[in-house]
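J.: Kindly return the folded structure for what I paste below:
(one chain, ligands or ions: 1)
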Amino acid sequence: MYELNGKVTLITGASSGIGAAIATLFARLGAKLAISGRNEANLQRTWDECVRAAPAEADQPLLLIADMCSEADVARLVDTTIQRFGHLDILVNSAGVIEFGTIETTSLEQYDRVMNVTVRSAYQLTMLCVPHLIATRGNIVNVSSVTGTRSFPGVLAYCMAKAAVDQMTSCTALDGIQGGSSEQRQSRGDCHQGSQTRWAV
Ligand SMILES: NC(=O)c1ccc[n+]([C@@H]2O[C@H](COP(=O)([O-])OP(=O)(O)OC[C@H]3O[C@@H](n4cnc5c(N)ncnc54)[C@H](OP(=O)(O)O)[C@@H]3O)[C@@H](O)[C@H]2O)c1
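T.: Next up is the predicted model:
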């Protein structure tokens, strides 16, 4: 089993749902965490849970408020994590948003929101993290969705975004073989936490 103790892990979308659950689990297993999100109160709650779950001697998590749609914020995530821990072992791309609608009802604003948060920001963050992950022979976990491989009615932009995430995962993994980092996709069906109350996929 992959050893997480001491692994420096940057997690987006850690203020809620799946990202928050990953952060708490990784903390329990001894990972050194940089957790990010926009909602400060929610991210603080995750930070508190991580501290509670972590071994007594563990470093405290780094709490990073960042809007994934801001290129400067995304760059700051990497810079601050490296400044604090010196290296990076694992990147978890969990931040994502859903918009409902068909080609007739999904506006360009909705399309851009889904693509920017789910695809573009993950692309930028992965691009910036890859040199650090190659140096540590690290790992990338992209939280995808069953909508990346199967088509569903009424969630066109989201299905397109998750298909792009799946391709980013596969192509980057193939390209990364020479560099030495490995990449995994975590495809989710649906789950009953966080935005599930708002999402119906
Ligand atoms: N829930 C499901 O059934 C399900 C199924 C398949 C896949 N997924 C995927 O799993 C991932 C997490 O979903 P979830 O259910 O945990 O959703 P969630 O509870 O709504 O969490 C979404 C996370 O993304 C962050 N986020 C959204 N927009 C952001 C932005 N502009 N900048 C920074 N952070 C932003 C949110 O942070 P703030 O709230 O702090 O803004 C939050 O931490 C997503 O990629 C989603 O597509 C979920």
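J.: For the residue nearest to the spatial centre of the chain, grab phi and psi.
T.: In the chain, the residue lying closest to the centroid (Cα atoms, centre = their mean) is residue 93, at 1.8 Å. Note on residue 93: backbone dihedrals following degrees, to the nearest 10 are phi -90, psi 100.
J.: Okay, and the beta partners of it?
T.: Residue 93 forms beta bridges with residue 142, as assigned by DSSP bridges.
J.: I'd say it and residue 143 touch.
T.: Yes. In this structure residue 93 lies within contact range of residue 143 using Cβ atoms under 8 Å: 6.4 Å. All C-beta spots, glycine's among them, are computed from the backbone N, C-alpha and C.
J.: Need the overlap of contacts for the two.
T.: With contacts taken as Cβ atoms under 8 Å, 6 or more residues apart in numbering, residue 93 and residue 143 have residue 13 as neighbours in common.
J.: which parts of stretch 143-156 are buried?
T.: Neighbour-count burial for stretch 143-156 flags 143, 144, 145, 147, 148, 155, 156 (criterion: 16 or more other Cβ atoms under 10 Å).
J.: For stretch 72-82, which outside residues touch it?
T.: With Cβ under 8 Å, 6+ apart, stretch 72-82 has contacts from 8, 10, 12, 34, 36, 62, 64, 66-68, 88, 121, 124-125, 128-129, 132.
J.: just to revisit the earlier point, now, which of the buried residues of stretch 143-156 lie within helices?
T.: Among the buried residues of stretch 143-156, the members found in helices (DSSP state H) are residue 156.
J.: ok, which of the buried residues of stretch 143-156 also contact the ligand?
T.: Restricting the buried residues of stretch 143-156 to those near the ligand by Cβ under 6 Å from any ligand atom leaves 143, 145.
J.: Tabulate the buried residues of stretch 143-156 (JSON lines), appending distance to residue 116 and pLDDT.
T.: Formatted as JSON lines, those follow (distance: Cβ to Cβ, whole Å; pLDDT from 0 to 100):
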{"residue": "143", "distance to residue 116": "16", "pLDDT": "97"}
{"residue": "144", "distance to residue 116": "17", "pLDDT": "96"}
{"residue": "145", "distance to residue 116": "17", "pLDDT": "96"}
{"residue": "147", "distance to residue 116": "17", "pLDDT": "97"}
{"residue": "148", "distance to residue 116": "17", "pLDDT": "96"}
{"residue": "155", "distance to residue 116": "17", "pLDDT": "98"}
{"residue": "156", "distance to residue 116": "16", "pLDDT": "98"}
